[in-house]
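Asks: predicted model and sequence below, questions to follow.
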Amino acid sequence: MMTRPQFPFSAIVGQDQMKTAIILTAIDPSLGGVLVFGDRGTGKSTAVRALAALLPPIQAVADCPINSETSDQVPDWADVVDTKVIARPTPIVDLPLGVTEDRVTGALDIERALTQGEKAFQPGLLAQANRGYLYIDEINLLEDHVVDLLLDVAQSGENVVEREGLSIRHPARFVLVGSGNPEEGELRPQLLDRFGISVEVRTPTDIDERVDVIQRRDAFERNPQAFLRKWRKADAELCDQILSARERLAGVKTRKAILKDCAGLCLALGADGLRGELTLLRAGRALAAFGGQTSLERDHLRQVAPMALAHRLRRDPLDEAGSTIRVSRTVTEILG
C-alpha cells in the first residue's frame, strides 16, 4: 500500500510558536503533551505529521505491537514470531472522537477467547503510539475521562490494564498532541494544567504570508515529489539539529539565578503547583540545546514562558488581556 506523502515541515509558512513547541517536544519528550488551539485550517495537524515524517526511523522488532527496540524488551503476551529488528517510521497514531477506553488501552481479545478458549490481550492505540506521537484533533470534544487517562499514561510512560481477568503492563512513551478550536468548547482548567505546553494559532492576516501558503500548498498538491525534493535538504538539516540537541540536552547547565527566575515568574502569575516551573525549566533547556548553547539563559525563558505558562493562569475578571499577553507583561516585569 502506498503511503501518502507528508507536507515538509520546513515548508510550513509562519506559525513559528507552534513549530517551536512541537520541535521542543521532539528534543525532550518529558515536557509532556502539547496543546494547539486555534482557527480551522491553520496547519495544526500538518505540523505534527510533518515533524513525525521528518524524524529518522526508529529501530523496532518486526512483529512487536509496542515497537520494542530489542527482542528482550518484547512483552510476554505479545506472542511475537519474527524478532528481527527493522526500521519503522516514527509512529503517529490518530485518536478518533468517540473512542472507547478499551480501544485506547487495549482489552481482552474476544475473538481468541471464543474461538480458541484462550485469555489473550488485544493491544490498543497506546501500544501503537509507543515511541512516537498520539494525535487528537478536537481534543476539547473528547470525553474528560479519556483525556484524563491519556494524560496519566503520558506522564507515567506506562499503560496498566487490570480488568476482565487481565493484568497487563507495557511501556507507552509518546508525545501527546491535542488540537482544537476554542469556539467549540474549552478544556477544563484541571486538564489544561496537565499539558506541558500550549500555543494559540491564528489565521494569517498578512497578504504576502497568505499568498506563500497558497503557492506552497498548490505546488505540493500538483507535484508532491518535486516539492519534497525542493525541501529535502532543509528538512534534513532540521532533523540533524534536533538529533544534536537531544545529545546536547543533558549537558545544558542551569544557574541558581535562573531557577529563581522560573519561580519568580510563576509566583507573579499566580500559577498553582510546581508544574509551571518544571515545564519552564525543561522547555528552556530544550530551546538552549536546539540553539547550540550550553547553558540556560533568561532569553530562553522569555521565549518559552508564554507556551509553558499561559494555559496555567487563573482567569482574572478585572484583567481583560489574554493569558499570553499577561505572561509577556509579567516576563518583562520580572526578567526585564
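Replies: Arrived safely, thanks for sending.
Asks: now do the end-to-end distance for stretch 130-143.
Replies: End-to-end distance of stretch 130-143 (Cα to Cα, to the nearest Å): 22 Å.
Asks: and that stretch, what's buried?
Replies: Using 16 or more other Cβ atoms under 10 Å as the test for burial, stretch 130-143 gives Asn130, Arg131, Gly132, Tyr133, Leu134, Tyr135, Ile136, Asp137, Ile139, Asn140, Leu142. (Each C-beta comes from the backbone N, C-alpha and C, glycine too.)
Asks: and stretch 93-110, by the same measure?
Replies: Buried residues in stretch 93-110, defined by neighbour count with 16+ other Cβ under 10 Å: Val93, Leu95, Val99, Arg103, Val104, Thr105, Gly106, Ala107, Leu108, Asp109.
Asks: hmm, back to that, biggest separation within the buried residues of stretch 130-143, which pair?
Replies: Distance extremes for the buried residues of stretch 130-143: the farthest pair is Arg131 and Asn140 at 26.8 Å, using Cβ to Cβ.
Asks: ok now stretch 174-186, how far from the chain's centre?
Replies: In this view, stretch 174-186 has its centroid 11 Å away from the chain centroid, taken as Cα atoms, centre = their mean, to the nearest Å.
Asks: list of residues touching that stretch?
Replies: With contacts defined as Cβ atoms under 8 Å, 6 or more residues apart in numbering, stretch 174-186 is touched by 22, 25-26, 29, 32-40, 44-45, 48, 91, 93, 126, 129-141, 147, 150-151, 154, 187, 195.
Asks: list the buried residues of that stretch.
Replies: By neighbour count on 16+ other Cβ under 10 Å, the buried set for stretch 174-186 is Phe174, Val175, Leu176, Val177, Gly178, Ser179, Gly180, Asn181.
Asks: ok, these vs Val199, which is closest?
Replies: Nearest to Val199 among the buried residues of stretch 174-186, with distances taken as Cβ to Cβ, is Ser179, at 9.9 Å.
Asks: now the closest one, what are its backbone angles?
Replies: Main-chain torsions, Ser179, degrees, to the nearest 10: phi -130, psi 160.
Asks: show me what contacts Leu149?
Replies: Contacts for Leu149 were tallied using Cβ under 8 Å, 6+ apart; they are Glu101, Val104, Thr105.
Asks: who touches the first one in this structure?
Replies: Yep, that's Glu101 we're talking about. With contact set as Cβ under 8 Å, 6+ apart, Glu101 has these partners: His145, Val146, Leu149.
Asks: okay, the host helix or strand of the second one in CSV with CA atoms only?
Replies: For Val146, the enclosing helix or strand under DSSP states H and E is helix 144-156. Presented in CSV, the C-alpha positions along helix 144-156 are these (Å, rounded to 0.1, in the frame of the first residue of the first chain):
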residue,chain,number,x,y,z
ASP,A,144,-12.9,14.1,30.0
HIS,A,145,-12.3,10.7,31.5
VAL,A,146,-10.5,9.6,28.3
VAL,A,147,-8.3,12.8,28.3
ASP,A,148,-7.5,12.1,32.0
LEU,A,149,-6.5,8.6,31.2
LEU,A,150,-4.3,9.7,28.3
LEU,A,151,-2.5,12.4,30.4
ASP,A,152,-1.9,9.9,33.2
VAL,A,153,-0.3,7.4,30.8
ALA,A,154,1.7,10.1,29.0
GLN,A,155,3.1,11.2,32.4
SER,A,156,3.9,7.8,33.7
